[in-house]
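Chemist: I need the structure of the sequence given here:
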Amino acid sequence: MLQAFLNVVEFGMNPQEAVEAPRVYTYNFPDTWHPSVYLPGVIRAEGRIPKEVIDSLERRGHKVEMYPDWWEGSGFYWVISRDPHSGVLQGGADPRCEAYGLGY
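Modeler: As a prediction, this is how the structure comes out:
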């Protein structure tokens, strides 16, 4: 969810662009579930991440595991934003599953 949030707030994407952006997953910290998964240095990335980014991560010591381009195991996001000036709502629904965003 942090990636979708940052895509909107820091990178200026609209909600649909934010949920469609390729994702990466890190396992550098213990999971919240028991037993915890803890894989220091492992990054899992969707296939749409550019090769030069993957190569750069590997040069920095990460073990990168590639996932399909639109990996369904990444979780599913829906984003709705409201323009504070106009009040217009925009929605984005994750194409990794059957979904839609709705606001009224």
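
Chemist: Buried ones in stretch 55-62, by neighbour count?
Modeler: By neighbour count on 16 or more other C-beta atoms under 10 Å, the buried set for stretch 55-62 is 57, 62. (C-beta placed from N, C-alpha, C; glycine too.)

Chemist: Pull the distance from that stretch to the chain's centre.
Modeler: With C-alpha atoms, centre = their mean, to the nearest Å as the basis, stretch 55-62 stands 19 Å off its chain's centre.

Chemist: CA atoms only: put that stretch into PDB for me.
Modeler: Coordinates of the C-alpha atoms in stretch 55-62 are reproduced here as PDB (Å, rounded to 0.1, in the frame of the first residue of the first chain):
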ATOM      1  CA  ASP A  55      20.800  -4.900 -12.300                       C
ATOM      2  CA  SER A  56      21.500  -1.900 -10.100                       C
ATOM      3  CA  LEU A  57      19.800  -3.600  -7.100                       C
ATOM      4  CA  GLU A  58      21.900  -6.800  -7.700                       C
ATOM      5  CA  ARG A  59      25.100  -4.700  -7.800                       C
ATOM      6  CA  ARG A  60      24.200  -3.300  -4.400                       C
ATOM      7  CA  GLY A  61      24.000  -6.800  -3.000                       C
ATOM      8  CA  HIS A  62      20.300  -7.600  -3.200                       C
END
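
Chemist: Check what contacts that stretch and list those residues.
Modeler: Stretch 55-62 has contacts (C-beta atoms under 8 Å, 6 or more residues apart in numbering) with 41-43, 45, 64.

Chemist: Let me see the ranges of the helices in the chain.
Modeler: Ranges of helices within the chain are 2-9, 15-20, 51-59, based on DSSP state H.

Chemist: What's the mean pLDDT across the last one?
Modeler: Looking at helix 51-59 alone, the average pLDDT works out to 95.

Chemist: ranges for the strands of the protein?
Modeler: Using DSSP state E, the strands of the chain run over 24-26, 42-46, 63-67, 78-82, 89-93.

Chemist: Please tabulate these in JSON lines and include distance to Ser56 and mean pLDDT as additional columns.
Modeler: Supplementary listing: those in JSON lines, determined by distance: least, C-beta to C-beta, whole Å; pLDDT from 0 to 100:
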{"stretch": "strand 24-26", "distance to Ser56": "12", "mean pLDDT": "85"}
{"stretch": "strand 42-46", "distance to Ser56": "11", "mean pLDDT": "91"}
{"stretch": "strand 63-67", "distance to Ser56": "10", "mean pLDDT": "93"}
{"stretch": "strand 78-82", "distance to Ser56": "28", "mean pLDDT": "86"}
{"stretch": "strand 89-93", "distance to Ser56": "28", "mean pLDDT": "88"}
